[in-house]
Each structure stands twice: as C-alpha cells, then as structure tokens.
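Enquirer: build me a model from this:
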Amino acid sequence: MENILAPSILSADFKVLGEQIEQTEKAGAKYIHFDVMDGIFVPSISFGMPVLSSLKGAVKQALDVHLMVTEPIRYVKEFAKCGADIITVHFEACEDLKATLDEIHASGVKAGITIKPATPVKELIPYLELADMFLIMSVEPGFGGQAFIPESLDKIRELRSLLEERGLKTDIEVDGGIYCENVGEVLDAGANIIVSGSGVFKGNIAENTKRFMEILKSHE
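Expert: Numbering: from 1, shown residues only. The predicted structure follows:
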C-alpha cells in the first residue's frame, strides 16, 4: 500500500500559497489537505468553495477536502464541482451518513468518513465497505497546532484490523499533531495517508516534505 503525504494548507502562508504548495509537490507530496470549518460543528471558521476553485486550476496534487461542517450533504455537489478529488465527512455531523456517502459518490469523487477522538472505531463498522478512506482525528478537530493524542494509535490498529478481516485495503488517513518525529509510529499502526500542517509548512517546506517522504517510503 502506498504511503501518501497530505500537507494541510491550514498552516500555510496564503500570501504565497501557490508557491508553497508547489514546493510540497516537487518534494513528493501527492495530496493537499483542505480543511473546511463552519463555526458550528467546530468553533473555527476557515475557507470554502472559492478558495478550492482557485486551487483546482493551479495544483497538480489531489485535493483532499475534509468537511468539518454540520450536515455536509448540503455542500457535497458544490465542493465536487469546485474540484475536490476526495470529500471526507464526519460521522458525528451527518443525520444520514449513508445518504451523504452516496451523494459524494454520485458527484464523481471518492468518499471518506472521519471520527473525532472520543468516537469509538466500532461506530464505523456498518460503513467499512462504503467508504474509500477513513480518517482518524488524532486531535480535536477545529484548531491547528495541537499535540497528538497517543490513544489514536490504538484506534488506527483497531480499524486496520477490522478492514483486513474483511479483505479490504482501504486507505486510513490520520490528521493532527503529526511530525517527522512521530510519523513512524502512525505508519506502523496501519495508517497510509498522513496529514501534517505545521510539520510541513513551518520552516523549510521543501526539506520538511522531503524528510516526511523519506520516512513514508521507508515504511512501505
């Protein structure tokens, strides 16, 4: 299974966003993680469809859109039109999760499901064969720069085991508090898509990305 880096632009400098994203692409990052926050499901407000549309024409990487919004089914079609390649929604935010996943697939993009740190992995069992990706939040969603929650490693292992029992090689993404210093543990637990904001965009972006990629490749 390929290990993929998904730099989160929540930590980027928007004055030079295109240039910074290009640095991550040249150094090997295949995804760009795009966090959408509505101020209701999570306290913060971030960015939305106009920013995604502007990136679509300028970015070579897959656009990995994480909707931290209440009832995301309302916005699926528009985010797909604006260029999302993957749309991930929260288990906790959907009145009808299956209908939301069906809407994402009907819009021609991959569907992901994510859970907050307090939500047990067992809640995902009815949906294991319905999603293209699962995202384990290793911090509370809504704010950047938080410390990785160690118990997240057990959740990754549990989810990977449940998928393997069913013969599924579904992607497991992890988001929150991941740096070069701890990414090896996350990969060893069973994740293969790594989101990092501060770990990529703070300091030398090209060098940070390159170092991440070396670790990811060594764990494939």
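Enquirer: CA only for contacts and neighbour counts going forward, please
Expert: Will do.
Enquirer: G57 versus the residue in the chain sticking out farthest from the centre, what's the distance?
Expert: Distance from the C-alpha centroid of the chain, by CA atoms, centre = their mean, peaks at E165 (23.7 Å). Plainly put, E165 is 40 Å away from G57 if you go by CA to CA, to the nearest Å.
Enquirer: what's the answer for E123, then?
Expert: Going from E123 to G57 by CA to CA gives 37 Å.
Enquirer: what's the answer for Y179, then?
Expert: Per CA to CA, Y179 is found 29 Å from G57.
Enquirer: more neighbours, these two?
Expert: In this view Y179 and G57 are compared by other CA atoms under 10 Å, and Y179 has more residues nearby, 19 against 10.
Enquirer: quick one: that one and S196 touch, right?
Expert: Yes. Under the criterion of CA atoms under 8 Å, Y179 makes contact with S196 at 6.8 Å.
Enquirer: quick one: low-confidence parts of this structure?
Expert: Applying pLDDT under 70 to the chain picks out residues 144.
Enquirer: so where do the helices sit in it?
Expert: Using DSSP state H, the helices of the chain run over residues 17-26, 49-56, 76-81, 97-106, 152-165, 183-189, 198-201, 205-218.
Enquirer: out of the ones you listed, which is closest to T88?
Expert: Closest approach to T88 among the helices of the chain is made by helix 97-106 (8.9 Å; CA to CA).
Enquirer: for that closest one, list every residue counted as buried.
Expert: Applying a neighbour-count criterion of 16 or more other CA atoms under 10 Å, one finds 97, 100-101, 103-105 buried in helix 97-106.
Enquirer: stretch 59-66 now?
Expert: By 16+ other CA under 10 Å, the buried positions in stretch 59-66 come out as 61-66.
Enquirer: next: stretch 29-38.
Expert: Neighbour counts over stretch 29-38 (16+ other CA under 10 Å) mark 29-38 as buried.
Enquirer: residue contacts, the nearest residue to L101 once chain neighbours are set aside?
Expert: Nearest in space to L101, with sequence neighbours left out and distances taken as CA to CA, 6 or more residues apart in numbering, is A111 at 6.0 Å. Residues in contact with A111 (CA atoms under 8 Å, 6 or more residues apart in numbering) are 86-89, 101, 104-105, 131-133.
Enquirer: before we move on, what about K26?
Expert: So K26 contacts A206 (CA under 8 Å, 6+ apart).
Enquirer: who touches E78 in this structure?
Expert: Each residue near E78 by CA under 8 Å, 6+ apart is listed here: M49.
Enquirer: so how far is E71 from it?
Expert: Plainly put, E78 is 14 Å away from E71 if you go by CA to CA.
Enquirer: so how many other residues sit close to the closest residue in space to G197 that isn't next to it in sequence?
Expert: Distance criterion CA to CA, 6+ apart; nearest residue to G197, sequence neighbours excluded, is S8 at 4.4 Å. Counted with other CA under 10 Å, residues neighbouring S8 total 26.
Enquirer: can you check V121 too?
Expert: When neighbours are defined as other CA under 10 Å, V121 has 19 of them.
Enquirer: isn't it right next to R157, touching?
Expert: No. Assessed by CA under 8 Å, V121 is found out of contact with R157, at 9.9 Å.
Enquirer: can you give me the neighbour number for T24?
Expert: Residue neighbour count, defined by other CA under 10 Å, stands at 25 for T24.
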